[in-house]
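Undergrad: have a look; sequence and predicted model below, questions after that.
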Amino acid sequence: MTHATHTPLTQLSEEEGLFYATVRKFAEETISPHVQTMDSEQQFASGLLKQLSDLGLMGIEIPEESGGSGGSFFDAVLAIEAISTVDPAVAVLVDVHNTLVVNALRRWATPAQQTHWLPQLAAGTVGAYALSEAGSGSDAFALQTRAEAVTGGFRLNGRKLWISNAKEAGLFIVFATLDPSAGYRGITAFLVEKGTPGFSVGRKEDKLGIRASSTCELVFDNCEVMDANLLGEPGKGYKIAIETLNEGRIGIGAQMLGLAEGAWGHAVRYAKERRQFGKPIADFQAVQFTLAEMATEIEAAKLMVYNAARLKDAGQSYVREAAMTKLFASQVAERVASQCVEVFGGNGFVRDYPAEKYYRDAKVGKIYEGTSNMQLATIAKLVLGSR
């Protein structure tokens, strides 16, 4: 009997391994020295966006003929994971840009829109994704932002809230209701460029974690966009939003995985250095068991993230796996980051050490791109419906 050989899920191909190692090295050498300053100043270090672009991290899945890297969705997931081990705030910029904005354009934009925007996005124009509003978080389609058809285009009025990358972005995918009487079937997506008259970036949120990443309000006051700025068909915005966010959830899973790996690495190093009762605390069974539990949970999260990403690249159904991945990886990140603080003891509670930042950064994983309750609702619907 012959046995088929299957590659283990977490085994990277030579190309994938090299890519991950390159991004991880960049994160440790280039991002790491600025992490604390970026967190306290709530902004990215000068020149960082250009460095990310130069490394090809702003066009991972953009075809080479459009100036991108021509990589896979799995490559994007690896990049997010690698950066998150050092700074999840930088990773969210790369994540939203690649898994939400670029993928929405690759799937829904016209050839003319792709020709115009993909090279710019690959070259460093940052993308942002504007769905959430003050009254529509989990109830994502209770949108108040209105789009009105006018000669040659549309007029947008309303406000968006909690928009990642807002301060840095040059291109925004904006969801607005064209026909309120149609409910969610009236929602339409638009491409809005920074600097468009009537469009402004408002207040920046002062956040608990991922503080270097900008999260701002967007204001549309009789903002007029041309017909050419319509993304997809009128009334199909809800479909674009749902399908893009399904992919995005795997990206958040990767961010939370990387965060957990980073926190675990710091906990292990500290446990080997910190001495009590005449020996390193890593020699005590209680600490060893804590680190072993953390490592086990991280391994389980990695299997889920990698499986979901590989399903997506294989063109197979992945909606259930994406929801499970985001749910579980965000739980793991919070638990592992919390345990990391405890391994550091008193030092884990102060900003001179890295542990507390991982703990603050972890919390948002259960909230954005679909709360844990929304993931559970999705999972329940899919697993109960398949019985």
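TA: Perfect, I can see it now.
Undergrad: can you name the residues that contact the residue nearest the centre of the chain?
TA: By Cα atoms, centre = their mean, the chain has its centre lying nearest to D95, at 3.7 Å. Under the criterion of Cβ atoms under 8 Å, 6 or more residues apart in numbering, the neighbours of D95 are A76, I80, G248, G251, I252, A254, Q255. (Each C-beta comes from the backbone N, C-alpha and C, glycine too.)
Undergrad: and those residues, which of them are in helices?
TA: Assigned to helices by DSSP state H, the following of the contacts of D95 qualify: A76, I80, G248, G251, I252, A254, Q255.
Undergrad: what sits against the nearest residue to the fourth one once chain neighbours are set aside?
TA: Which is G251. The shortest distance from G251 to any non-neighbouring residue, by Cβ to Cβ, 6 or more residues apart in numbering, is to T99 (3.8 Å). Listed by Cβ under 8 Å, 6+ apart, the contact partners of T99 are F73, A76, I80, T244, E247, G248, I250, G251.
Undergrad: before we move on, the earlier item: the residue nearest to the centre of the chain is in what secondary structure piece?
TA: Assessed by DSSP states H and E, D95 sits inside helix 88-95.
Undergrad: okay, that helix in CSV with CA atoms only?
TA: Extracted as CSV, the C-alpha positions of helix 88-95 are listed here (Å, rounded to 0.1, in the frame of the first residue of the first chain):
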residue,chain,number,x,y,z
PRO,A,88,0.7,44.6,16.6
ALA,A,89,0.0,48.3,15.9
VAL,A,90,2.2,48.2,12.8
ALA,A,91,0.7,44.9,11.8
VAL,A,92,-2.9,46.3,11.8
LEU,A,93,-1.8,48.9,9.2
VAL,A,94,-0.4,46.1,7.0
ASP,A,95,-3.4,43.9,7.7
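Undergrad: quick check: mean pLDDT across that helix?
TA: What helix 88-95 shows for mean pLDDT is 98.
Undergrad: may I see the buried residues of it?
TA: For helix 88-95, the neighbour count (16 or more other Cβ atoms under 10 Å) marks P88, A89, V90, A91, V92, L93, V94, D95 as buried.
Undergrad: then stretch 276-289?
TA: Buried residues in stretch 276-289 (16+ other Cβ under 10 Å): I281, A282, V287.
Undergrad: can I get those residues in JSON lines with secondary structure and distance to L48?
TA: Compiled in JSON lines, the buried residues of stretch 276-289 are given as follows (DSSP: H, G, I helix; E, B strand; the rest coil; distance: Cβ to Cβ, whole Å):
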{"residue": "I281", "secondary structure": "helix", "distance to L48": "35"}
{"residue": "A282", "secondary structure": "helix", "distance to L48": "34"}
{"residue": "V287", "secondary structure": "helix", "distance to L48": "35"}
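Undergrad: before we move on, the earlier item: so what does whichever helix or strand comes after the helix holding D95 touch, helix or strand wise?
TA: Going down the chain from helix 88-95, the next helix or strand is helix 103-108, by DSSP H and E. In terms of contacts (3 or more Cβ pairs under 8 Å, 6 or more residues apart in numbering; DSSP states H and E), helix 103-108 is packed against helix 111-122, strand 230-231, helix 237-273.
Undergrad: may I see the buried residues of helix 103-108?
TA: By neighbour count with 16+ other Cβ under 10 Å, helix 103-108 contains the buried residues N103, A104, L105, R106, W108.
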